[in-house]
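Colleague: structure, please.
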Amino acid sequence: MDVSDKEQIFGIDETNVTFNSKFNGKSKSRCSKCCQCLVMLLAVFIALLCVAAVVVFGVLYYRLVITESVGDLAERVAELEAQLNKTQSMLISSVEAQMSSAAKLDAQINKTQSMLSSVQEQMSTTVPTVIQEQIDETRADFVQGMSDISDRVSTSQRATYVRWGSGSCPDVNGTTLVYSGYTGGNWFGNQGGASNHLCMPTDPEYTLPFEAGIQGASNINGAEYESVFLGTANRNAVCAVCSVSTRAEVIMIPAKTSCPADWTNEYIGYIMSERTTNYRTMYICVDTSMGFVPNSFDHMDSTDLWNTEANCASLPCPPYNDEQELGCVVCSK
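Modeller: Sure, this is the predicted structure:
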């Protein structure tokens, strides 16, 4: 059967079949390329979406973290400023209350400065420039305030003491005379009254209301030396009140004539008090010069100053000696 017969029997045009086959092949090829383009466009679009999401997330995270960090740091700075203000208030209050020791103040200053330096070092890598400048300014103000307080402490801390047995103050750096006077106290035969000695000024002032006449309820008498071996028996003792501007502490050390290391020797003397058969008084350190009021030789109604000795019945001997008068020293630091 030839071709023409096939065409007649089946009604097939071979030319048409060949053309359609070519046409269908080209259509399939073009569709495949379109799909690939769509896939590529979709992939690019998804990639752009991912990049945009990452950028948006990064920006939001950066703003959230930085804002929170700045807020926390600002809060810490505010707390630090409050603490600095509180510390300054405490220091000023302590100075006005006449602190007994400047060492505590120095320790507090050093501790606060150390804490401030530590916080600044921790935040130096993350704190924004504005907050850093604020911290620097706060720290400068704090350091200046501490310097002012230290100056106030150095000028407000002074020590005073009475130099018994001398009408002047020792020639020691920073020690000056406040006033000189007469040593006074209670009469040795009085059962009542005070037991301490007073340095009575040479120029008393009577400016308060008074009751005329001698009341006799309580009185102050002059003090007389009773040191026969020193040649001052029955002579009235003088005194001086001294101020120390460069040292804040003064102590009297009995049975010593030298001061500990780093302490300044103000004066040395003898420990004196009323004798044991009379009514008691306080122990005082009387200067070795034993200055006295001119023309005072007679034994009058007075408070007496006797040398003291150790009692070996209760104090260890040696090192103490019950046959020698005890000395003393007044020291400042």
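Colleague: going along the chain, name the helices of this protein.
Modeller: With DSSP state H, the ranges of helices along the chain come out as 3-10, 14-96, 102-123, 129-156.
Colleague: so what secondary structure elements neighbour the third one?
Modeller: On a contact count with 3 or more CB pairs under 8 Å, 6 or more residues apart in numbering; DSSP states H and E, helix 102-123 meets helix 14-96, helix 129-156. Heads up, the C-betas are built off the backbone N, CA and C, glycines and all.
Colleague: which stretch in these has the least confidence?
Modeller: Taking the mean pLDDT of each of these, the lowest value is held by helix 129-156, a mean of 66.
Colleague: domains of the chain: list them as residue ranges, please.
Modeller: Following automatic domain parsing, one gets these domains for the chain: 51-156, 159-202+219-332.
Colleague: what's the most buried one of those domains?
Modeller: Looking across the domains of the chain with neighbours counted as mean count of other CB atoms under 10 Å, the highest average goes to domain 159-202+219-332: a mean of 17.
Colleague: and the end-to-end length of stretch 121-131?
Modeller: 13 Å (CA to CA, to the nearest Å).
Colleague: try stretch 293-302
Modeller: Between the opening and closing residues of stretch 293-302 there is a gap of 14 Å (CA to CA).
Colleague: got it, and stretch 214-229?
Modeller: With CA to CA applied, stretch 214-229 spans 37 Å between its terminal residues.
Colleague: report the rounded mean pLDDT for it.
Modeller: 83.
Colleague: let me see the residues that make contact with that stretch.
Modeller: Outside stretch 214-229, the residues within contact range by CB atoms under 8 Å, 6 or more residues apart in numbering are 182-187, 192-194, 197-198, 200, 232-237, 270, 275, 286, 290, 292-293, 296, 299-307.
Colleague: and those, which of them are in strands?
Modeller: 182-185, 198, 200, 270, 286, 303-307 (DSSP state E).
Colleague: now the two most distant members of these.
Modeller: Distances among the ones in strands among the contacts of stretch 214-229 were taken as CB to CB; the most separated pair is 200 and 307, at 22.5 Å.
Colleague: how about residue 142, nearest residue that isn't a chain neighbour?
Modeller: The shortest distance from residue 142 to any residue other than its chain neighbours is 5.1 Å, reached at residue 84 (CB to CB, 6 or more residues apart in numbering).
Colleague: can you tell me how far that neighbour is from residue 272?
Modeller: Using CB to CB, to the nearest Å, one obtains 52 Å as the distance from residue 84 to residue 272.
Colleague: again, but for residue 135
Modeller: 61 Å.
Colleague: ok, residue 216 next?
Modeller: As for residue 216, its distance to residue 272 is 27 Å (criterion: CB to CB).
Colleague: now residue 283: phi and psi?
Modeller: With angles defined as degrees, to the nearest 10, residue 283 sits at phi -80, psi 130.
Colleague: actually residue 324, not the one I typed
Modeller: Per-residue torsions, residue 324: phi -130, psi 140 (degrees, to the nearest 10).
Colleague: read off the pLDDT value for the nearest residue to it once chain neighbours are set aside.
Modeller: With CB to CB, 6+ apart as the measure, residue 309 is the residue that lies nearest to residue 324, at 6.9 Å, once sequence neighbours are left out. With respect to pLDDT, residue 309 scores 91.
Colleague: with the one 3 residues further on instead?
Modeller: The predicted local distance difference test score for residue 312 is 90.
Colleague: tell me the contacts of it?
Modeller: Applying CB under 8 Å, 6+ apart, the residues near residue 312 are 320, 321, 322.
Colleague: export the residues you listed to CSV and tack on pLDDT?
Modeller: Compiled in CSV, these are given as follows (pLDDT from 0 to 100):
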residue, pLDDT
320, 91
321, 91
322, 89
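Colleague: between these, which sits nearest residue 117?
Modeller: When the contacts of residue 312 are compared for distance to residue 117, the smallest value, 53.5 Å, is given by residue 320; criterion: CB to CB.
Colleague: pretty sure the closest one is in contact with residue 310, am I right?
Modeller: Yes: taking contacts as CB atoms under 8 Å, residue 320 lies within contact range of residue 310: 3.8 Å.
Colleague: need the residues touching each of the two.
Modeller: Both residue 320 and residue 310 are in contact with residue 255, where contact means CB under 8 Å, 6+ apart.
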